[in-house]
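> Structural data only, the sequence is not supplied:
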Ligand code: ING
């Protein structure tokens, strides 16, 4: 059982509307090589890594929208990344907009894949928690139209056996919801990988800018600790055509401690030699789910979606 694994979070700086996939993939390959130079065997890239964060724009033309989606994976644009990773023997997480054909119908998902060191796709995840709105809000500072452009993921929160451990994935807003980590925690996850594109301002409610990073880290540190799992998170960061995204890409131990974090809002690799067994003591003591959870009291969590005030009489 290999205990230690050098993992990298490859933060991607801004991808502008004018940036084509080929130029972005070159940046990803450069970071893959940097991670390799440090001895990393797994690299986490970001959400929607191949294009700008297009859900900030209102579009109605299906062809214009679909231009942001990948019809197959790998494809001509991403093949250089798959080939280099195979050459180096490195696995990776990659987020992208997926145009899937299922039962003769087209479906649009915010997707991530897990690719093994042999260059083959091990698993796929489709974003469950889609933030924002689906209506046009032209007066807002920026729009957040993931509910318009993506369908809710239909794969649940799967995990895979990799590197002698159990690994899972989620995407961006998923990291804010404790249910995301808990489902994977109940499946024994030792590592959760994720990418995020998070605006550095709140277009819908004025709040101090420092809260963007605070809530980002709070959510992931809590998820890591409460499930005894590593969390490796890669941001798309910086100003994309003037629209700012937070950085803060980081590697979080099962204790909840941040062991490595990006300093910039540009392409930046952070890495750490992760003890993938570190979470075992947490899973066997404070968060021994079998010994301590009381599911007979948790029914509302899956029976009720929204808030229904129910004060005792
Ligand atoms: N981005 C943001 C995120 O969850 C967001 C959306 C920002 C929601 C701030 C709420 C508050 O980090 C994505 N892509 O989900």
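Here it is on my side, so go on. In this text, all values refer to a predicted model and were calculated from it rather than measured experimentally. Numbers count the residues shown, from 1 in each chain.
> burial measure for residue 57, as a count.
Taking other CB atoms under 10 Å as the criterion, the count of residues near residue 57 is 17. (C-beta placed from N, C-alpha, C; glycine too.)
> now it, nearest residue through space, not along the chain?
What sits nearest to residue 57 in space, not counting adjacent residues and going by CB to CB, 6 or more residues apart in numbering, is residue 143, at 6.7 Å.
> Now do that neighbour against residue 54, distance only.
Residue 143 sits 10 Å away from residue 54 when distances are taken as CB to CB, to the nearest Å.
> and what of residue 100?
Distance check for residue 100 against residue 54: by CB to CB, it reads 17 Å.
> How about whichever helix or strand residue 272 is part of, which residues are buried there?
Assessed by DSSP states H and E, residue 272 sits inside strand 268-275. Of the residues in strand 268-275, 268-272, 274 count as buried by neighbour count, 16 or more other CB atoms under 10 Å.
> Please apply the same query to stretch 10-28.
Those would be 10-15, 19, 21, 24-25, 27-28, for stretch 10-28 by 16+ other CB under 10 Å.
> Narrow those residues to those in strands?
Of the buried residues of stretch 10-28, the ones assigned to strands by DSSP state E are 10-11.
> so what strands line up beside the strand holding residue 272?
Here strand 268-275 has these sheet partners by DSSP bridges: strand 4-11 (antiparallel).
> Who's the closest spatial neighbour of the residue in the stretch 201-313 of the chain that the ligand sits nearest to, skipping the chain neighbours?
Each residue of the stretch 201-313 of the chain has a distance to the ligand, by CB to the nearest ligand atom, and the smallest belongs to residue 202, at 6.2 Å. Closest residue in space to residue 202, ignoring its immediate chain neighbours: residue 212 at 7.5 Å, by CB to CB, 6+ apart.
> Repeat that for residue 215.
On the basis of CB to CB, 6+ apart, the spatially nearest residue to residue 215 that is not a chain neighbour turns out to be residue 176, at 7.3 Å.
> That neighbour: neighbouring residues, count only.
Based on other CB under 10 Å, the number of other residues close to residue 176 is 19.
> where's it relative to the ligand, distance?
Look at residue 176 and the ligand: by CB to the nearest ligand atom, to the nearest Å, they are 6 Å apart.
> about what we covered before: same list, the buried residues of stretch 10-28, but as JSON lines with pLDDT please.
Converted to JSON lines, those look like this (pLDDT from 0 to 100):
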{"residue": "10", "pLDDT": "99"}
{"residue": "11", "pLDDT": "99"}
{"residue": "12", "pLDDT": "99"}
{"residue": "13", "pLDDT": "99"}
{"residue": "14", "pLDDT": "98"}
{"residue": "15", "pLDDT": "99"}
{"residue": "19", "pLDDT": "98"}
{"residue": "21", "pLDDT": "98"}
{"residue": "24", "pLDDT": "99"}
{"residue": "25", "pLDDT": "99"}
{"residue": "27", "pLDDT": "99"}
{"residue": "28", "pLDDT": "99"}
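> Let's see the distance spanning stretch 40-60 from one end to the other.
Across stretch 40-60, the straight-line distance between its terminal residues is 42 Å, by CA to CA, to the nearest Å.
> what's the answer for stretch 81-99, then?
20 Å.
> what's the spacing between that stretch and its chain's center?
On the basis of CA atoms, centre = their mean, to the nearest Å, stretch 81-99 sits 15 Å off its chain's mean C-alpha point.
> which residues of the stretch 201-313 of the chain fall in strands?
230-235, 238-240, 243-245, 250-252, 258-261, 268-275 (DSSP state E, counting those that start in this stretch).
> most tightly surrounded among the ones you listed?
Across the strands of the stretch 201-313 of the chain, averaging neighbours per residue (mean count of other CB atoms under 10 Å) puts strand 230-235 on top, at a mean of 29.
> Could you identify the most distant pair in the buried residues of stretch 10-28?
The most widely separated members of those, counting by CB to CB, are 11 and 21 (18.4 Å).
> For this structure, what lies in contact range of the ligand?
By CB under 6 Å from any ligand atom, the part of the chain that sits against the ligand consists of 131, 172-173, 176, 196-199.
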